[in-house]
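Participant: any chance you could fold what I've pasted below:
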Amino acid sequence: MRAWVLVAAVLWYLPRTGWQRFSEVTKKGFVYGKTAHTVKVYVELHHHSPFLVCMDIKHARKEIVDPTYSWIGPNEKPLKGNYRMNITETGKLMVKDFLETFSGLYTCTFSYKVVKAQTQVEKTVKQKYEFMMFAYREPDYSYQMAVRYTTKSCVGNYNDLFFRVLKKVLDNLISDLSCHVIDSSYKCHLVEVPKHGVIAELFIAFQVNPFSPQWKSACQNSADCEEITNRNILQARDRIAEFFRRQANLFYHDPSKILPALHFVDHSFEMARMDSCRPGFGKSEGMHSNCATCCVVCSPGTFSPDGDVTCQTCASAHTYGAKLCPPT
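Facilitator: Just a heads-up that it's a prediction; the model follows:
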């Protein structure tokens with residue numbers, strides 16, 4: 001009870017509580033091949049890929065005589081007959097419900113005839129195109145936040161009591177969103193403030209995380225759970241920001257109020273978004289500049305454990321999306 005009395009003046013007012021990314025694309029959403037160039041294509045996990053066109057834009061603008069198309073997937077596997085592979089009569093390929101294991105090199109061979117009208121002489125021309133497809137998913141968001149509160153002194157257990165109560169209040173504020181406060185800490189410092197002398201202040205830091213013990217129940221068996229968890233963490237961010245905004249309004253916009261010893265320091269609230277990737281995915285702006293903010297599937301020779309944001313080197317990892325480095 002004494003803890004609540006200590007912070008009552010501060011905490012009494014609470015609020016009630018796939019698109020695809022790819023490099024060469026037209027307005028119709030088709031990705032065309034390029035001669036002597038591998039086209040990178042990024043497909044959001046559990047979404048359909050764009051249509052890959054087995055020709056370049058130059059050929060697409062011409063009449064083609066007797067065209068034929070042949071697609072080969074990763075590990076040089078023929079794609080014809082695979083129910084996940086939608087290949088149209090005009091040689092366009094679309095992969096349904098894209099998974100990590102579908103990542104890799106897709107090669108198509110485009111054949112057509114050149115006919116001389118006067119002599120009816122035919123010549124068969126072949127052209128090969130390469131598309132490198134990568135599964136990606138959006139990063140998981142969390143927020144690092146910091147605030148400051150004045151206090152009577154840096155000595156005394158009331159600072160610990162206040163800190164624990166504040167954390168409990170924030171947790172209650174966002175508990176229905178399956179979010180929680182983690183890695184919370186504080187330090188007390190003496191701050192010399194112009195015209196106010198030396199004031200003891202608590203420097204408080206904490207992280208708002210979307211993975212409370214009940215987070216999986218919020219997904220409702222959704223394959224794209226990051227869409228739900230990211231939406232929840234954005235709501236949690238806004239609630240906490242509003243909570244501290246009201247703290248400032250409570251004390252700093254009414255000159256008749258006498259500030260209590262423990263009160264929020266106006267304009268001290270700070271936050272920064274922190275991204276993390278699910279196991280088997282990582283960020284690489286150098287390798288995936290067209291999807292620099294994405295968590296892209298780890299390529300063979302790399303892996304990513306839980307919560308890491310980069311794919312680490314591992315010679316014994318031979319598949320896309322490796323979560324562990326197998327022993328050699």
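Participant: so, low pLDDT: which residues of the stretch 1-150 of the chain?
Facilitator: 1-28 (pLDDT under 70).
Participant: apologies, that question was intended for the stretch 201-328 of the chain.
Facilitator: If you take pLDDT under 70 as the line, the stretch 201-328 of the chain has these spans: 218, 220-224, 251-259.
Participant: what are the ranges of the helices in it?
Facilitator: Assigned by DSSP state H, counting those that start in this stretch, the helices in the stretch 201-328 of the chain fall at 215-219, 225-252.
Participant: format these as a markdown table; extra columns: mean neighbour count and distance to residue 172.
Facilitator: Using the backbone N, CA and C atoms, a C-beta is placed for each residue, glycine as well. Below are those laid out as a markdown table (neighbours: other Cβ atoms under 10 Å; distance: least, Cβ to Cβ, whole Å):
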| stretch | mean neighbour count | distance to residue 172 |
| --- | --- | --- |
| helix 215-219 | 15 | 17 |
| helix 225-252 | 17 | 11 |
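Participant: closest one to residue 46 among the ones you listed?
Facilitator: Nearest to residue 46 among the helices of the stretch 201-328 of the chain is helix 225-252 (10.2 Å), distances taken as Cβ to Cβ.
Participant: by contact count, what packs against that closest one?
Facilitator: Using 3 or more Cβ pairs under 8 Å, 6 or more residues apart in numbering; DSSP states H and E, the elements in contact with helix 225-252 are strand 140-151, helix 158-174, strand 197-209, helix 215-219, strand 263-264.
Participant: that helix vs helix 158-174, what angle?
Facilitator: Angle between the axes of helix 225-252 and helix 158-174 is 130 degrees (criterion: axes from the mean of the first three to the mean of the last three Cα atoms, to 10 degrees).
Participant: on that earlier part again, for residue 153, find the nearest of the helices of the stretch 201-328 of the chain.
Facilitator: The nearest among the helices of the stretch 201-328 of the chain, by Cβ to Cβ, is helix 225-252 at 19.8 Å.
Participant: got the angle for that closest one vs strand 197-209?
Facilitator: Using the same axes, to 10 degrees, helix 225-252 lies at 160 degrees relative to strand 197-209.
Participant: quick one: helix 225-252 to strand 140-151, angle?
Facilitator: If you take the same axes, to 10 degrees, helix 225-252 sits at 20 degrees to strand 140-151.
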